[in-house]
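Q: no sequence for this one, just the structure:
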C-alpha cells in the first residue's frame with residue numbers, strides 16, 4: 001500500500017494514539033472523531049473527542065465552527081484506521097486549512113486507539 005502522502009501529494013502530520021490522548025487531556029488539541037454514528041455506538045468515542053460525522057451534511061461548516069470555538073488549537077482527526085482522517089485533513093489543507101493532523105492507526109487499525117487500550121466514552 002502506498003503512503004497517503006504519495007497518493008494525495010501532500011503530507012499531513014500524524015500523532016500516535018497515545019500522543020493524541022495526552023494532548024487531548026492537556027487541552028492542547030481538539031480531537032475530532034469523523035466516523036459515523038454506528039461506529040461510535042460499536043466502539044465508543046476516544047475519551048475527550050468531539051463526534052462529527054464526515055458524511056453528515058455541512059461537515060466543513062461544522063468543523064469550521066469548532067475551529068472558531070477553539071482558536072489556536074491543532075485539529076486532530078481520528079477515523080477507523082487512520083487513512084480517511086489523513087485524506088480529510090489533506091482535502092481541508094488544499095482549501096487553505098492549517099494545523100491539521102491525523103491519528104495513526106485510527107480507532108481500530110494496528111497500533112490504533114483500541115489496540116493501545118486508551119479510554120473511550122460511550123456513545124451517546
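A: Yep, that arrived. Everything numeric here is computed off the predicted structure, so don't read it as measured data.

Q: which regions of the protein sit below the pLDDT cut-off?
A: Residue ranges of the chain with pLDDT under 70: 1-10.

Q: Just the helices from it, written as ranges.
A: For the chain, applying DSSP state H gives helices covering 4-8, 17-25, 37-43, 59-69, 83-94.

Q: need the contact list for the residue nearest the centre of the chain.
A: Central residue of the chain (CA atoms, centre = their mean): residue 77, 1.3 Å from the mean position. Contacts for residue 77 (CB atoms under 8 Å, 6 or more residues apart in numbering) come out as 32-34, 85-86, 88-89, 100-103. To be clear about C-beta, it is placed using only N, CA and C from the backbone, and glycine gets the same treatment.

Q: try 7 Å
A: 32, 34, 85, 88-89, 102 (CB atoms under 7 Å, 6 or more residues apart in numbering).

Q: picking that back up, dump the helices of the chain into CSV; add mean neighbour count as well.
A: Below are the helices of the chain laid out as CSV (neighbours: other CB atoms under 10 Å):
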stretch, mean neighbour count
helix 4-8, 15
helix 17-25, 19
helix 37-43, 15
helix 59-69, 13
helix 83-94, 20
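
Q: Out of those, which gets nearest to residue 108?
A: Closest of these to residue 108 is helix 37-43, at 7.0 Å (criterion: CB to CB).

Q: about what we covered before: just name the closest of the contacts of residue 77 to residue 71, please.
A: Looking across those and measuring by CB to CB, the closest to residue 71 is residue 32, at 15.4 Å.

Q: hey, what's that closest one bridged with?
A: Judged by DSSP bridges, the bridge partners of residue 32 are residue 50, residue 77.

Q: ok, how many other residues are close to it?
A: Using other CB atoms under 10 Å, residue 32 is surrounded by 23 other residues.
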